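Chemist: need a 3D model of the sequence below.
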Amino acid sequence: MDFVQKTVVLVKPDGVKRGLVGEILTRFEKVGLKIVAMKMVWEDAALVGEHYKDDADYHKMVGVKTLESYSKYGFDAGETLGTTNPLEIGKLVRKWNMDFLSSGPVVAILLEGENSVEIVRKMMGHTFPQVAVPGTIRGDLGLESAMASNFKKRSTKNLVHASGTVDEAEFERKLWFREKEIYDYKRVGEDE
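Modeler: Numbering: from 1, shown residues only. Take a look at the predicted model:
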């Protein structure tokens, strides 16, 4: 059985603008993941809209999590966001995410390695930097909290995106990279 996977990482506009692309890439290479494709792009809303799927179940899940955060910190989502409907909140968050990802250059990376989807997700840390543990990319380099972003009515600047599942990685690979942009080569130390 082959455990080698490909996974997509996007260094978001905040990571690019803060000059953290090299630091982020270095972390992935140090654990043995291989870069098989990489490019800097500034995508429009159409591609970003495909990336952040317009899916009711996803919107509802995001909305529920957002409402839980509001409750935890004692704030009223209806007052800040204009609704307490999880589906509507999820749609708002999707729009914020789309606006942010298309707001500047992104470095799109395709990494390859054993169990790369899971490894990359673990290395990135929690979606929200304020709760990401030290040692992770977001825990060491992230600056923002989800609640502050919600009050500003925008996406949380959390530096990076990575595919969440093997199926998502395959979808994102096809979305972000053409086949001719993906390279197959041996790194030093790989079986020849």
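
Chemist: quick one: least confident helix or strand in this structure?
Modeler: Within the chain, no helix or strand scores below helix 146-152, which has a mean of 88 by mean pLDDT, DSSP states H and E.

Chemist: what's in contact with that one?
Modeler: Identification of contacts with helix 146-152 by Cβ atoms under 8 Å, 6 or more residues apart in numbering yields 66, 69-70, 73, 75, 80-81, 96, 127-128, 130, 155-157. For every residue, glycine as well, the C-beta is placed using N, CA and C.

Chemist: how far does it sit from its chain's centre?
Modeler: Distance of helix 146-152 from its chain centroid, counting by Cα atoms, centre = their mean, to the nearest Å, is 18 Å.

Chemist: list the pairing partners of whichever helix or strand comes after it within its sheet, with orientation.
Modeler: The helix or strand immediately downstream of helix 146-152 is strand 160-162, counting by DSSP states H and E. Here strand 160-162 is paired, per DSSP bridges, with strand 4-11 (antiparallel).

Chemist: now do the most centrally placed residue in the chain against V11, distance only.
Modeler: Note on the chain: the residue nearest the mean C-alpha position is H161, at 1.5 Å, using Cα atoms, centre = their mean. When distance is defined by Cβ to Cβ, to the nearest Å, H161 is 8 Å away from V11.

Chemist: again with H126
Modeler: For H126, the distance to V11 - Cβ to Cβ - is 17 Å.

Chemist: and what of N85?
Modeler: Counting by Cβ to Cβ - N85 and V11 are separated by 33 Å.

Chemist: just F75 next, same as before
Modeler: 31 Å.

Chemist: and F100, what element?
Modeler: Using DSSP H and E, F100 falls within helix 86-101.
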